[in-house]
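**Q** based on what follows, work out the 3D shape:
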Amino acid sequence: MRLLRGFSVLTAACIAALAGAREPEVKLPDIGSSAAGIMSPQDLHDYGAAMLQEIRAYNLVLDDALLNDYINALGWRLVANSDHPDMSFTFFIVRDEQINAFAAPGGFVAANAGLLTAMQSEDELAGVLAHEISHVQQQHILRAFEDQKKMSVPIMLAMLGVMLATAHRSDDAGVAAMMTGTSLIQQRQINFTRGEEAEADRVGIQTLARSGFDPLAMAGAFQTLQKMMRVNGVDVPEFLLDHPLDTKRIAEAKARAEQLGCPKVTHLPPASAPIRTGNLDLALPARSSAATETSPPDQASAVAASNAATMTVDAGSGAGKTLPRVSVTTCYVRGKAVLSDFELMRERARVLSAGSATAMRAYYADNLRDNKAFDTIANRYGYALALIDTHEPQRAVAELRKLTTQQPTSQVLRLGLANAEDQAGNHADALTIYERLSNEFPGNRAITLTYADALLAKADDKSARRSLELLRPLVERYSDDPDLQKSYGRANQLAGDKVRAAEAYAEAAYLTGHAEDALNQLKALSRQSDLTYYQRSRIDARITQLTPTVLELRKRGAPSTPDSLTPTFTCCQPH
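**A** Below you'll find the model as predicted:
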């Protein structure tokens, strides 16, 4: 795990390195730049996609359909209201508890699971994403390629090569190589970021406001991270190392947001007992799901409220600690408070990225027992997920049935109940819920993929053909989803179409960073004598596309398929 985390940090560092080593300055997008001419949009996309595949090869991408759909919906909402809504973006979550986010060439924007769990609201998470989107749209990465490609790219490739070559060693050689290479660029990276960060803040705040989010949330996100450091005494979050922060920057972010004419309204959250998190005690802010609808006061009241100091928790619930205020704005209308998808996805990310399922179950159980304020629908949902992970599906079913009674329209909770019922052996009940959800939300990736996998577990021809009906339209829309390709391969295999199954398994191998393995599978498939003209044409075309990629990997000397991570979804074998 240490090596994988080091590789994740290395990847972020390498991307940041390509954006390093220039004097602080703010460049406006309309003055023109030759940077756009050094790489075509397709080259940029290919570069970013290759990076994503390499991260996937080390199981560092949290490929969960619900989380993927959530982070992409949030990201694209911001892109649609930005200055460049026609640009291509891909958003994904890194399986790492470190608090960080980064942007890569081609519009690939990553948020660590630790970032999701650290943010107090969807507005704060949107603020971070808007900042990273601005880096891409302002061509900061392209400019860095133009300025520093002779220095940064060789360092990046050398570090990647050494890390990959030492992936199977038990010592710290790979991490040492990463640290050595990173030390060459760290200070130059920090010097660079001051100017570009200011521009990304400015543009990102505008995008936030246009998208209906609190424009003060970007400054709020920075303050949340600072508060974690100050109150809990934790190390500096990776995000603040990659994005240097000071009091002046927070003040400027607030000033920009206030210039948009959005007066801030604050409400004091109730005091609560500290949350037990192992070595840390965190004060719990009010949850939005427990909030009530309020009418915004007038301008004077809003200003007075925004100037108020933070509240102090009483002695019975952690003396001396401060709680963040819950903020809204009068720039946009919030409806009656309902359960937030952000809150559910935050707990989902917390559970799915955790190193120990048992520790997660204890985290929820202890806090639900000892802290009444912790007993929210989102935390109960997280507890149910932890119970499933610790092989206690019957208890998870009991939890989720209560939650769906309270929130009968929640797609996330109903999908969680269906999965728990299936894991508990109540297959008929699970399939009934899946079918209803599929009819209500046709084409929804999370519902369709989970429903199809439940059908495929029956391993019969009828279920396989129903799965194919569900999956085929999604494969066309989300061809770069490895989980979808694996399920599609399994469905074709059970339905008797072994050629399509092998193609899908090969595609899944490619998408998870095993390009040479994918090429070998396709070459073996092409040697079959009973292929139709269309099948052979399709397979040969894909071989032609993959061959340059594999040759480039061989030229770099990088193992395209780490031995310890060789995929098991090969042709016509269960995955």
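**Q** residue contacts, Leu62?
**A** Phe92, Ile93, Val94, Arg95, Ala113, Ala349, Leu352, Ser353 (C-beta atoms under 8 Å, 6 or more residues apart in numbering). Using the backbone N, CA and C atoms, a C-beta is placed for each residue, glycine as well.
**Q** so Glu503 touches Arg538, yeah?
**A** Yes: counting by C-beta atoms under 8 Å, Arg538 is a contact partner of Glu503 at 7.3 Å.
**Q** which one of those two has more residues nearby?
**A** Neighbour totals were compared for Glu503 and Arg538, and Glu503 leads with 24 against 16 (other C-beta atoms under 10 Å).
**Q** double-check that Ala111 belongs to a helix.
**A** No: checked against DSSP: H, G, I helix; E, B strand; the rest coil, Ala111 lies outside a helix; its state is strand.
**Q** go ahead and confirm it touches Val94.
**A** Yes: between Ala111 and Val94 there is a contact under C-beta under 8 Å: 7.1 Å.
**Q** compare those two and say which is more crowded by neighbours.
**A** Taking other C-beta under 10 Å, Ala111 and Val94 do not tie; Ala111 has more neighbours (27 against 24).
**Q** quickly list what that one is bridged to.
**A** Ile93, Ala101 (DSSP bridges).
**Q** and it, what pLDDT?
**A** In this prediction, Ala111 carries a pLDDT score of 94.
**Q** could you measure from it over to Lys555?
**A** Distance, Ala111 to Lys555, using C-beta to C-beta, to the nearest Å: 32 Å.
**Q** what of Leu368?
**A** For Leu368, the distance to Lys555 - C-beta to C-beta - is 55 Å.
**Q** quick one, domains of the chain?
**A** 2-262, 263-338, 339-441, 442-575 (automatic domain parsing).
**Q** lowest-confidence stretch among those domains?
**A** domain 263-338 (a mean of 36).
**Q** could you pull out the strands for the protein?
**A** 90-94, 101-104, 108-112, 264-267, 275-276, 281-282, 311-312, 322-323, 326-329 (DSSP state E).
**Q** what about stretch 418-431, start to end distance?
**A** End-to-end distance of stretch 418-431: 7 Å, with C-alpha to C-alpha, to the nearest Å as the criterion.
**Q** around Phe89, how many other residues sit close by?
**A** 22.
**Q** for it, give me its contacts.
**A** Phe89 neighbours (C-beta under 8 Å, 6+ apart): Gly75, Trp76, Val79, Gly107, Phe108, Val109, Ile133, Val136.
**Q** now, which of the residues you listed sits nearest Arg465?
**A** Trp76 (32.9 Å; C-beta to C-beta).
**Q** which residue comes closest to the closest one once chain neighbours are left out?
**A** In space, and not counting its chain neighbours, Trp76 is closest to Phe89: 6.9 Å by C-beta to C-beta, 6 or more residues apart in numbering.
**Q** mind checking how far the one you found is from Leu546?
**A** Counting by C-beta to C-beta - Phe89 and Leu546 are separated by 25 Å.
**Q** same thing with Ala524?
**A** Counting by C-beta to C-beta, the gap from Ala524 to Leu546 is 13 Å.
**Q** Ser121 too?
**A** The value you get for Ser121 to Leu546, if C-beta to C-beta is used, is 43 Å.
**Q** looking at those two, which is more packed in?
**A** The neighbour comparison of Ser121 against Leu546 (other C-beta under 10 Å) goes to Ser121, with 25 against 20.
**Q** I figured the more buried one hits Phe342, correct?
**A** Yes: contact criterion C-beta under 8 Å: Ser121 and Phe342 qualify, at 7.0 Å.
**Q** so Leu539 makes contact with Arg527?
**A** No, residue 539 isn't Leu; it's Ile. No: counting by C-beta under 8 Å, Ile539 sits too far from Arg527 to count as a contact (10.0 Å).
**Q** these two: who's more crowded?
**A** Ile539 (22 against 8).
**Q** ok, that one - contacts?
**A** Taking C-beta under 8 Å, 6+ apart, one finds Val499, Glu503, Leu522, Leu525, Ser526, Leu531 in contact with Ile539.
**Q** ok, now with 6 Å
**A** Counting by C-beta atoms under 6 Å, 6 or more residues apart in numbering, Ile539 makes contact with Leu522, Leu525, Ser526.
**Q** chain neighbours aside, what residue packs nearest to it?
**A** Ser526 (5.0 Å).
**Q** ok, now Arg466?
**A** Leu455 (5.6 Å).
**Q** now Arg490
**A** In space, Arg490 is closest to Leu456, 5.3 Å off (C-beta to C-beta, 6+ apart).
**Q** would you quantify the distance from the one you found to Asp422?
**A** Counting by C-beta to C-beta, the gap from Leu456 to Asp422 is 12 Å.
**Q** what of Pro393?
**A** Distance from Pro393 to Asp422, by C-beta to C-beta: 8 Å.
**Q** the two: which is more packed in?
**A** Asp422 (24 against 21).
**Q** hmm, back to that, please identify which of the contacts of Leu62 is nearest to Asp460.
**A** Leu352 (29.7 Å).
**Q** still on that earlier bit, sort out for me which of the contacts of Phe89 are in helices.
**A** Judged by DSSP state H, the contacts of Phe89 include Gly75, Trp76, Val79, Ile133, Val136 as members of helices.
**Q** need phi/psi at the residue lying closest to the third one once chain neighbours are set aside.
**A** Spelled out, that is Val79. Spatial nearest neighbour of Val79, chain neighbours left out: Phe89 (5.4 Å); criterion: C-beta to C-beta, 6+ apart. Main-chain torsions, Phe89, degrees, to the nearest 10: phi -140, psi 150.
**Q** how about the contacts of Phe89 in JSON lines, adding distance to Gly48?
**A** Converted to JSON lines, the contacts of Phe89 look like this (distance: C-beta to C-beta, whole Å):
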{"residue": "Gly75", "distance to Gly48": "14"}
{"residue": "Trp76", "distance to Gly48": "16"}
{"residue": "Val79", "distance to Gly48": "15"}
{"residue": "Gly107", "distance to Gly48": "7"}
{"residue": "Phe108", "distance to Gly48": "4"}
{"residue": "Val109", "distance to Gly48": "9"}
{"residue": "Ile133", "distance to Gly48": "14"}
{"residue": "Val136", "distance to Gly48": "10"}
